[in-house]
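In: 3D model of this:
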Amino acid sequence: MYIIINKTKRNTIKCKGDWPDLDEELNAGDKIIVMSLYSNTIKVPYYTELNGIVEWKWDDYPFDPKSL
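Out: This next block holds a predicted model:
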C-alpha cells in the first residue's frame, strides 16, 4: 500500500496495487511525499529536465512502518 501525503492540498490518500500516477499533481506544483509499505521507503520527488521535457524521479529513504 502507498500512503500519499499532499501538503499543498492538505490531504492523505491510501492506494493499493500499482504505483499511482502523480505527474499531474507534481506538474501543478503540489508538494507530495509517498510512503511505500511495499518497499518500506519514503519517496520524495525531484525532476530532471532535458530539452524542455520534465521527468519526475523519486529519492528513496528507508522507513520502518513499525515506528508509526
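
In: What are the phi and psi values at the most far-flung residue of the chain relative to its centre?
Out: Using CA atoms, centre = their mean, the residue of the chain lying farthest from its centre is Asn51. It sits 24.2 Å away. Dihedral angles of Asn51 (phi, psi; degrees, to the nearest 10) stand at phi 50, psi 40.

In: Let me see the ranges of the helices in the chain.
Out: Secondary structure of the chain, counting by DSSP state H: helices at 23-27.

In: Which pLDDT value does the model give the closest residue to Ser39 other than its chain neighbours?
Out: Sequence neighbours aside, Asp60 is the residue nearest to Ser39 in space, at 7.3 Å (criterion: CB to CB, 6 or more residues apart in numbering). Just so you know, the C-beta spots here come from the backbone N, C-alpha and C atoms, and that holds for glycine as well. pLDDT, Asp60: 97.

In: Relative to Pro45, how far out is Asp60?
Out: With distances taken as CB to CB, to the nearest Å, Asp60 is found 11 Å from Pro45.
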